[in-house]
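S.K.: sharing a sequence plus its predicted fold:
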Amino acid sequence: MATNVIRLDFRMLVYPEGNFWIAHCLETDLVAEGDTPKEAMSGLIDISNTQIEALLAEGDLNSLFSPAPPEIWRMFSTAADSPSASRRPSRAVKPINRISVRQLVAV
């Protein structure tokens, strides 16, 4: 029996807020924070995987896709590609195939 493989591509905005960094997924509106950009990105990947696994178990992957608010999309469009971000998750991540990350730094 063949197994269906799901590969998802996401866009992530990483930006400072107070003393923390925020990672925000544009396609799912999931958010994580960390002390560094990489910590926030790693947290968002973990949260996304947990959410995907739970929704796949329920047979309701469509519920995953709830776009971020327009202001987050605008921030993403003005941010630069993050030089420190990996385009693919650093460890074996099942359904997440690719993550495009942009970092917004306040001037």
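M.R.: Thanks, I have the structure now. Numbering: from 1, shown residues only.

S.K.: and the nearest residue to residue 36 once chain neighbours are set aside, what pLDDT?
M.R.: Using CB to CB, 6 or more residues apart in numbering and skipping residues adjacent in sequence, the residue nearest residue 36 is residue 21, 6.1 Å away. Where C-beta positions appear, they are placed from N, C-alpha and C, glycine not excepted. Looking at residue 21, its pLDDT stands at 93.

S.K.: separation between the residue nearest the centre of the chain and residue 99?
M.R.: Centroid check for the chain by CA atoms, centre = their mean gives residue 25 as the closest residue, at 3.9 Å. According to CB to CB, to the nearest Å, residue 25 and residue 99 sit 9 Å apart.

S.K.: go on, residue 80?
M.R.: For residue 80 relative to residue 99 (CB to CB), the value is 16 Å.

S.K.: of those two, which one has the most company?
M.R.: residue 99 (22 against 9; other CB atoms under 10 Å).

S.K.: and the more buried one, what element?
M.R.: Using DSSP states H and E, residue 99 maps to strand 96-103.

S.K.: buried set for that strand?
M.R.: Under the neighbour-count criterion of 16 or more other CB atoms under 10 Å, strand 96-103 has 96, 99, 101-103 buried.
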